[in-house]
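*Asks:* sequence below, structure please.
(2 chains)
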Protein chains: 2
Amino acid sequence: MTGSLTIVGLGPGSAALMAPAAAQALAAATDLVGYGPYLDRVPATAEQRRHASDNRVELQRAREALTLAASGHRVAVVSGGDPGIFAMAAAVLEAVEAGDPAWRALAIDVVPGISAMQAASAQVGALLGHDFCAISLSDNLKPRDVIARRLSAALQADFVIALYNPISKARPDGLGAALDLARGVQAATTPVVFARAVSRADETIRITTLAEAEATMADMQTVVIIGSSQTRLVAKAGGGAWVLTPRSYEAAS
Amino acid sequence: MTGSLTIVGLGPGSAALMAPAAAQALAAATDLVGYGPYLDRVPATAEQRRHASDNRVELQRAREALTLAASGHRVAVVSGGDPGIFAMAAAVLEAVEAGDPAWRALAIDVVPGISAMQAASAQVGALLGHDFCAISLSDNLKPRDVIARRLSAALQADFVIALYNPISKARPDGLGAALDLARGVQAATTPVVFARAVSRADETIRITTLAEAEATMADMQTVVIIGSSQTRLVAKAGGGAWVLTPRSYEAAS
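*Replies:* Reported below is the predicted structural model:
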């Protein structure tokens, strides 16, 4: 048995932001496993088998990939962004932990990628310029009180806060509640960025303020980033602005 | 004037983890500006000028780069990891904010990269597998009480915590204090990872526990990652283990 499993991060979208190690792992695989729209980003080759699955079946997808690898295939699990940040790396190891003991003998590797918050921060300037946190608003696997507790602590700590999975049909109100929590702590003028499909053809980036931010500005392809007390705009000569969270910290007056 | 400034992330070290967009920006530059060891990672070309500077002079380096760009050069500011995460993007925009108004007319772009915590998490499995935060322990530009407050809040929120700039000659005790704070909140068995020079020839990764973790295990090239209450080891068949922070959250019993 020479099977292997590599969990590959495609980055935020553009091929120019995917690591060469990811391209190499994809090219070397006999089988690609992943959510359909991610597989569609990988150039087709003649001999490779593709196993597309729906969203929200991560554990089932992980088991399928492990089963293929255990039977001798060279499997690449295709993940958006960084597989280690709200993506497939954890799902695969959860499946290993609970599954066939033989899976623990597999060579399992993770190729990291650029995550959506990083591409968003780069597009607007230096939004993640200092201490920050990343929180998933999905309550599929996490109690809502844990989400609220983490958000409150992050706001008290004055982190820049990146919100992943901000909204879904089953959960239309989570982002609105998070923005309300933030409005209770940070100034109304705090910059908030809604970044959708960054580096892809349909990229849209909106720079607004906490006062103006609304949950309807996000969909499941959006990362929402709320600034800290230090985050501010730096005006460009031609109009528009960069968003900067500086390295230095000045206490609120 | 056709000057431009691109802040380029080299990733954690290996060229296989640097985005093609970064390689393109480096190749297109007339001038490379950066900390010496980062410049040394960029292949030399005949016509390019290199401007190496010491560590801890980020603002001076940013002003030099902006001055070159304003005089018509195509400048690449070379940054380790992701320039948006504890690196040069914020320093450049701070210099713009406080500097020559003409700098606000420059085309300034950021090419993101894979940061050290991501490469470390990938090497050990899925350590950043759920909500996490990133905190710099450097007190050059940030009051120590802000660092302590953020650490305490992050521990109360049960984040995975990535600590950048964990230690320096001027600041030998910050990491020890941070580990002590963590020991007051999280279990002694909580996994802690010390990851140094990830993806480079001299990479060393140590997986230990909060009880065993010591500040002397880190230097300035190390990122230290402290698990959450959910982080655990998944044993490999051949010895060793992956480190997993699962997507699901189980309340402490």
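*Asks:* would you map the strands across chain A?
*Replies:* Along chain A, the segments classed as strands by DSSP state E run A:4-9, A:31-35, A:49-53, A:74-79, A:107-111, A:125-126, A:132-136, A:160-164, A:191-196, A:204-209, A:222-226, A:232-235, A:241-244.
*Asks:* what's in contact with the last one?
*Replies:* Translated: strand A:241-244. By CB atoms under 8 Å, 6 or more residues apart in numbering or on different chains, the residues outside strand A:241-244 that reach it are A:124-127, A:129, A:191, A:193, A:207, A:227, A:231-236, B:90, B:93-94, B:96-97, B:108. Glycine gets a C-beta too; all of them are placed from N, C-alpha and C.
*Asks:* change it to 10 Å
*Replies:* A:120-121, A:123-130, A:160, A:191-193, A:205, A:207, A:225, A:227, A:230-236, B:89-90, B:92-94, B:96-97, B:104, B:108, B:110 (CB atoms under 10 Å, 6 or more residues apart in numbering or on different chains).
*Asks:* pretty sure A:Pro246 sits against A:Gly227.
*Replies:* No: with contacts counted by CB atoms under 10 Å, A:Pro246 stays clear of A:Gly227, the gap being 11.1 Å.
*Asks:* who touches both of those two?
*Replies:* A:Gly129.
*Asks:* so for those two, which residue has more residues nearby?
*Replies:* For A:Pro246 versus A:Gly227, neighbours defined as other CB atoms under 10 Å in any protein chain shown are more numerous around A:Gly227 (29 against 20).
*Asks:* one step back: using a markdown table, lay out the strands of chain A together with mean neighbour count and mean pLDDT.
*Replies:* Below are the strands of chain A laid out as a markdown table (neighbours: other CB atoms under 10 Å in any protein chain shown; pLDDT from 0 to 100):
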| stretch | mean neighbour count | mean pLDDT |
| --- | --- | --- |
| strand A:4-9 | 26 | 98 |
| strand A:31-35 | 23 | 96 |
| strand A:49-53 | 15 | 94 |
| strand A:74-79 | 28 | 97 |
| strand A:107-111 | 23 | 98 |
| strand A:125-126 | 28 | 98 |
| strand A:132-136 | 25 | 97 |
| strand A:160-164 | 27 | 98 |
| strand A:191-196 | 24 | 98 |
| strand A:204-209 | 16 | 98 |
| strand A:222-226 | 26 | 98 |
| strand A:232-235 | 17 | 98 |
| strand A:241-244 | 22 | 98 |
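*Asks:* any chance of those strands in a markdown table, plus distance to B:Ala187?
*Replies:* A markdown table is the format used below for those (distance: least, CB to CB, whole Å):
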| stretch | distance to B:Ala187 |
| --- | --- |
| strand A:4-9 | 28 |
| strand A:31-35 | 35 |
| strand A:49-53 | 36 |
| strand A:74-79 | 30 |
| strand A:107-111 | 25 |
| strand A:125-126 | 36 |
| strand A:132-136 | 21 |
| strand A:160-164 | 26 |
| strand A:191-196 | 36 |
| strand A:204-209 | 41 |
| strand A:222-226 | 31 |
| strand A:232-235 | 39 |
| strand A:241-244 | 38 |
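*Asks:* who wins for proximity to A:Glu250 among these?
*Replies:* strand A:232-235 (10.8 Å; CB to CB).
*Asks:* how far away from the center of its chain is that closest one?
*Replies:* Distance of strand A:232-235 from its chain centroid, counting by CA atoms, centre = their mean, to the nearest Å, is 25 Å.
*Asks:* list the neighbouring strands of that strand plus their orientation.
*Replies:* strand A:241-244 (antiparallel) (DSSP bridges).
*Asks:* could you dump the strand it pairs with to PDB, C-alpha only?
*Replies:* Taking Å, rounded to 0.1, in the frame of the first residue of the first chain, the C-alpha atoms of strand A:241-244 are listed here in PDB:
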ATOM      1  CA  ALA A 241      -8.600  55.100   1.300                       C
ATOM      2  CA  TRP A 242      -6.400  52.400   2.700                       C
ATOM      3  CA  VAL A 243      -7.500  50.700   5.900                       C
ATOM      4  CA  LEU A 244      -4.700  50.600   8.500                       C
END
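*Asks:* now the stretch 1-150 of chain A, which segments are flagged as low pLDDT?
*Replies:* Applying pLDDT under 70 to the stretch 1-150 of chain A flags residues A:1.
*Asks:* could I get the buried residue list for stretch A:16-27?
*Replies:* Of the residues in stretch A:16-27, A:17-23, A:25-26 count as buried by neighbour count, 16 or more other CB atoms under 10 Å in any protein chain shown.
*Asks:* hmm, stretch A:85-95 touching chain B?
*Replies:* Yes: residues of stretch A:85-95 are located near chain B by CB under 10 Å from any CB of the partner chain, namely A:85-94.
*Asks:* also stretch A:119-137?
*Replies:* Yes: Stretch A:119-137 is in contact with chain B by CB under 10 Å from any CB, via A:119-136.
*Asks:* and if you look at stretch A:170-189?
*Replies:* No: counting by CB under 10 Å from any CB, chain B has no neighbours in stretch A:170-189; the shortest distance is 11.7 Å.
*Asks:* and that stretch, what's buried?
*Replies:* Neighbour-count burial for stretch A:170-189, counted by 16+ other CB under 10 Å, picks out A:174-176, A:178-179, A:181-183, A:185-186.
*Asks:* chain A - how does it break down into domains?
*Replies:* When chain A is parsed with automatic domain parsing, its domains come out as A:4-114, A:117-244.
*Asks:* ok, which of those comes nearest A:Glu250?
*Replies:* domain A:117-244 (6.9 Å).
*Asks:* the closest one spans what distance, first to last residue?
*Replies:* Domain A:117-244 has an end-to-end distance of 14 Å (CA to CA, to the nearest Å).
*Asks:* quick one: neighbours of A:His130, just the number.
*Replies:* 28.
*Asks:* could you export the domains of chain A as a markdown table, including distance to B:Lys169?
*Replies:* Below are the domains of chain A laid out as a markdown table (distance: least, CB to CB, whole Å):
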| stretch | distance to B:Lys169 |
| --- | --- |
| domain A:4-114 | 30 |
| domain A:117-244 | 22 |
